[in-house]
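S.K.: 3D, please:
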Amino acid sequence: MFTATLLTNPVARGLDPALVENLRNAWGGGDALWLAPDEAAEFALPIMPGNSWDVWDDLQNQGVDLVVQPAQNRRKKMLLADMDSTMIQQECIDELADEAGVGAHVASITARAMNGELNFESALLERVGLLRDLPESVIAHVLATRITYMPGGAMLVKTMKAQGAYAALVSGGFTAFTALVAAELGFDENRANTLLVADGRLTGDVARPILGKAAKVAALDDITARLGIAPADVLAVGDGANDLGMLSRAGAGVALHAKPAVQAECNIRINHGDLTALLYIQGYARSEFVI
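M.R.: Take a look at the predicted model:
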């Protein structure tokens, strides 16, 4: 059995009941269950529809996300999340670079690295090198004035944890950011790269080993082994090429507002919903969300 979930941006709330019914009838699905009025609905399917991606593409033009996945084991026991452009709306290294006067240059490198056009580790070292001699105090300034949270993130973490799930934040960014973001959103642990500092200024380097694509997969394996659960019990979310390893290894890998190269490799793609979409695809109704 499979489950089809349709959802839209929670601010727009533009999911047409007629659209849901028409698709359900066309695919021979079960009765529609509304998870949130005008925002999210699901129905059961006996088989995976052969035209699901064609329908997905059509619905994208209508501002609707569609996810079709196996019905079994949808509610996950662990959340593994990227930070930059996933749990927060910025790329922390780009914000630091802007303070250093090299924002546009670094942002262009970041975009290429996240789309898989550049080696992540090499691109990280190149960008961090451009931050050399930046006062360490700039980190606190950026955190206080430039970082905003992705809508729905706190509800996602709190709701899953209320059901006994474990939440880990794993980033190719920096511990100075993940520590605060993890604490603010309620994550159980966080892993990231450490910016090196000497005499109150950034040295232009990071501690080794560098946390990149392979380290995110290792984090998934380490944490699930420690918790006594399987990768199939994990919901992973990210947007960049360095997330692809963990997204493919997790039971449910979500490309959230992701780069084109990342979306192409993922079966769950959310482009219109916010982070609460990750609750809807697990079958949570809005009435079950923990605020």
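S.K.: only C-alpha atoms for contact and neighbour calcs from this point on.
M.R.: Will do.
S.K.: which stretches of the chain have low pLDDT?
M.R.: Residue ranges of the chain with pLDDT under 70: none are present.
S.K.: what's the single longest strand in it?
M.R.: Secondary structure of the chain per DSSP state E: the longest strand is strand 166-174.
S.K.: quick one: strands adjacent to that one?
M.R.: Strands that pair with strand 166-174, judged by DSSP bridges, come out as strand 78-81 (parallel), strand 189-193 (parallel).
S.K.: Could you dump the ones you listed into a markdown table with mean neighbour count added?
M.R.: Shown next, in a markdown table, are those (neighbours: other Cα atoms under 10 Å):
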| stretch | mean neighbour count |
| --- | --- |
| strand 78-81 | 26 |
| strand 189-193 | 21 |
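S.K.: Does Asn115 touch Ala264 like I think?
M.R.: No: assessed by Cα atoms under 8 Å, Asn115 is found out of contact with Ala264, at 10.8 Å.
S.K.: So which residues of the stretch 101-250 of the chain form strands?
M.R.: In the stretch 101-250 of the chain, strands defined by DSSP state E, counting those that start in this stretch lie at 166-174, 189-193, 195-198, 201-206, 234-238, listed in chain order.
S.K.: any idea which of those strands is most buried?
M.R.: Taking mean count of other Cα atoms under 10 Å as the contact definition, the stretch among the strands of the stretch 101-250 of the chain with the greatest mean neighbour count is strand 234-238, which reaches a mean of 28.
S.K.: so that one versus strand 166-174, what angle?
M.R.: Here strand 234-238 runs at 30 degrees with respect to strand 166-174, directions being taken by axes from the mean of the first three to the mean of the last three Cα atoms, to 10 degrees.
S.K.: ranges for the helices of the stretch 151-291 of the chain?
M.R.: 153-162, 175-185, 213-227, 244-249, 260-263, 277-280 (DSSP state H, counting those that start in this stretch).
S.K.: Identify whichever of these lies nearest to Trp34.
M.R.: With Cα to Cα as the measure, helix 277-280 is the member of these nearest Trp34 (10.0 Å).
S.K.: on contacts alone, who are the packing partners of that closest one?
M.R.: Contact analysis of helix 277-280 by 3 or more Cα pairs under 8 Å, 6 or more residues apart in numbering; DSSP states H and E lists strand 2-8, helix 153-162 as its packing neighbours.
S.K.: so how far is that helix from its chain's centroid?
M.R.: 11 Å (Cα atoms, centre = their mean, to the nearest Å).
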